[in-house]
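Asker: A predicted structure for the sequence below; I have some questions about it.
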Amino acid sequence: MPGDLKDGRIVIVGASLAGLRAAEGLREEGFTGSVTVVGDEPHPPYDRPPLSKQVLLGQATAETTGLPMRHDPDAEWRLGVRAAGVDMLAKQVLLEDGEPLPYDRLLIATGTRARPWPNPEEAALDGVFTLRTREDAGALAERLAAGPERVLVIGGGFTGSEIASACRERGLAVTVAERGPAPLVGALGGTLAKLAAVMQRNHGVDLRTGVTVTALLGNGTFTHAQLSDGSRVDADVCVVALGAVRNVEWLSESGLAAGPRGIACDAGCRAFTMYGIVTDDVFVAGDVSRFPHPLFGYQMLSLEHWGNAVEQAAVAAHNMVSPGPLQRPHLAIPTFWSTQFGLNIKSVGVPTYSDHVVIAQGSLEARRLAMVYGYQGRVTAAVTVDMAKSLDYYRHLIETAAPFPPPPGAADRATAADVPIPSDVPDPSVLSHGPTVALTGYLPDRRLAVVHPTR
């Protein structure tokens, strides 16, 4: 590594939101060396949230979702090129075509991909889709615009629910199959999930819970699905929304702590090796990272949030060009939002890190509320439904580890909060989708044997 941290060669693997913002951040921090961005897709970085919203509704095309640059990061863009490995000793990224790409510091921002349907032959049926890339969204939007008789959505997480909402807004019949007890239960817990179920059914969704899809059937073209309860769903289109897979396979021989839950890093975005040793020249940002947060028991968090990618990229960029004493931690409070079935749902904190919840404002009946989550007597999260202006108040409670249940104080309600009830956050293994925030704990993704050299 050069003595001047503002010079040298920085490689960013992942032409993603985090990758773009990190490249911009490096220049804002005064970095004058070379920046190379490697991306396996042929497009410049684009915005993913509109893919399940405006694009599916026909309000925008997939080609118009490109991310605006705050300023030109003066980077070399290696697009349509897949990274195949990292040699940390030689300090090289190995590209799929065999070309080595040397670096002084490396940022990994490879994000996630859609979890595919487990049966490749069934997944290849015409009419079966996933939704993650620009191409996915464009193809699915075209099929929805053609007016299918019915759409089957497998998975009731945020992506599946937003797809179902877009279908109903288009006037299409839609069935949602969810293994858990309700949609969104993995992210928001049982109480708000009940509201989500009511809203879907009130908007005409054929919601099937507590079931799995056992087979996708058709002769070259998808025609129907078999469910675990013995029922059958006839549909023209099937969207598999089973959550995300973190793009870490290319790092299997790198020696980094990379596994199915992401790449472990410290609060400064510095990657860990597989033996728990922090590196000083490999950094991680965005959906592919796992990092500790002191407000949530120092457990490792894996987030699939737009805001987290932006904020973590800024921290990584700063730390890549700053000496140790000047490096800063990534301690931002996770935030998330979704619009579906006429509701605006916003979250702050980690709802899955909770044991009780309380409705602090509004009510389930009014479908306008603020729900506060607590763990062992302190506030850890809040979710609002059509009441977003209260979020800053609850963010402050989370940041200050305020006692749970919270005292009255938000603008919409002056009375004491209701009686807390269990948060009813299920084990992710009973869901057909993953939560947008996963507490991955301290357990490694695989067991290791440490071999000491013989003398």
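Answerer: Happy to help now that I have it.
Asker: please enumerate the strands of the stretch 101-250 of the chain.
Answerer: Assigned by DSSP state E, counting those that start in this stretch, the stretch 101-250 of the chain shows strands spanning 105-108, 112-114, 128-129, 150-154, 173-178, 206-209, 213-217, 224-227, 232-234, 237-240, 244-246.
Asker: of all those, which lies closest to P323?
Answerer: Nearest to P323, of all these, is strand 105-108, at 12.9 Å by C-beta to C-beta. (Each C-beta comes from the backbone N, C-alpha and C, glycine too.)
Asker: show me what that closest one is packed against.
Answerer: strand 9-13, strand 278-284, helix 306-320 (3 or more C-beta pairs under 8 Å, 6 or more residues apart in numbering; DSSP states H and E).
Asker: can you check the pLDDT for the one residue sitting closest to the centre of the chain?
Answerer: The centre of the chain sits closest to E304, judged by C-alpha atoms, centre = their mean, with a distance of 1.5 Å. pLDDT recorded at E304 is 91.
Asker: was I right about it contacting R261?
Answerer: No: counting by C-beta atoms under 8 Å, R261 is not a contact partner of E304; they are 11.8 Å apart.
Asker: re earlier: just name the most buried of the helices and strands packed on strand 105-108.
Answerer: Scoring these by mean neighbour count under mean count of other C-beta atoms under 10 Å gives strand 9-13 as the most buried, with a mean of 26.
Asker: in its sheet, what does it sit against?
Answerer: In the sheet, strand 9-13 lines up against strand 34-39 (parallel), strand 105-108 (parallel) (DSSP bridges).
Asker: ok, and what's touching the first one?
Answerer: Right, strand 34-39. With contacts defined as C-beta atoms under 8 Å, 6 or more residues apart in numbering, strand 34-39 is touched by 8-16, 19-20, 23, 26-27, 45, 73-81, 83, 93, 95, 101, 103.
Asker: what subset of those residues is buried?
Answerer: If you count burial by 16 or more other C-beta atoms under 10 Å, the buried members of those come out as 8-16, 19-20, 23, 26-27, 45, 73, 75, 77-78, 81, 83, 93, 95, 101, 103.
Asker: extract the CA atoms of stretch 16-36 and return them as PDB.
Answerer: Only the C-alpha atoms of stretch 16-36 are listed here, as PDB (Å, rounded to 0.1, in the frame of the first residue of the first chain):
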ATOM      1  CA  SER A  16     -24.100  -1.100  -7.600                       C
ATOM      2  CA  LEU A  17     -25.600   1.700  -5.600                       C
ATOM      3  CA  ALA A  18     -22.900   1.200  -2.900                       C
ATOM      4  CA  GLY A  19     -20.200   0.900  -5.500                       C
ATOM      5  CA  LEU A  20     -21.200   4.200  -7.300                       C
ATOM      6  CA  ARG A  21     -21.600   6.100  -4.000                       C
ATOM      7  CA  ALA A  22     -18.200   4.800  -2.800                       C
ATOM      8  CA  ALA A  23     -16.500   5.900  -6.000                       C
ATOM      9  CA  GLU A  24     -18.000   9.300  -5.700                       C
ATOM     10  CA  GLY A  25     -17.100   9.400  -2.000                       C
ATOM     11  CA  LEU A  26     -13.400   8.600  -2.700                       C
ATOM     12  CA  ARG A  27     -13.100  11.700  -4.800                       C
ATOM     13  CA  GLU A  28     -14.900  13.800  -2.300                       C
ATOM     14  CA  GLU A  29     -12.400  12.600   0.300                       C
ATOM     15  CA  GLY A  30      -9.600  13.800  -1.900                       C
ATOM     16  CA  PHE A  31      -8.400  10.500  -3.400                       C
ATOM     17  CA  THR A  32      -6.300  11.200  -6.500                       C
ATOM     18  CA  GLY A  33      -5.300   7.700  -7.600                       C
ATOM     19  CA  SER A  34      -7.000   5.300 -10.000                       C
ATOM     20  CA  VAL A  35     -10.500   3.900  -9.300                       C
ATOM     21  CA  THR A  36     -11.700   0.900 -11.200                       C
END
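Asker: give me the buried positions along it.
Answerer: 16-27, 29, 31, 33, 35-36.
Asker: and stretch 329-336, by the same measure?
Answerer: So, applying 16+ other C-beta under 10 Å, buried residues of stretch 329-336: 330, 332-336.
Asker: contacts for it next, please.
Answerer: 158, 187, 267-269, 291, 293-295, 301, 303, 305-308, 311-312, 315-316, 346-350, 391, 395, 398-399, 436-437.
Asker: verify the stated contact: Y375 with S354.
Answerer: Yes: assessed by C-beta under 8 Å, Y375 is found in contact with S354 at 5.0 Å.
Asker: nice, that's everything, thank you.
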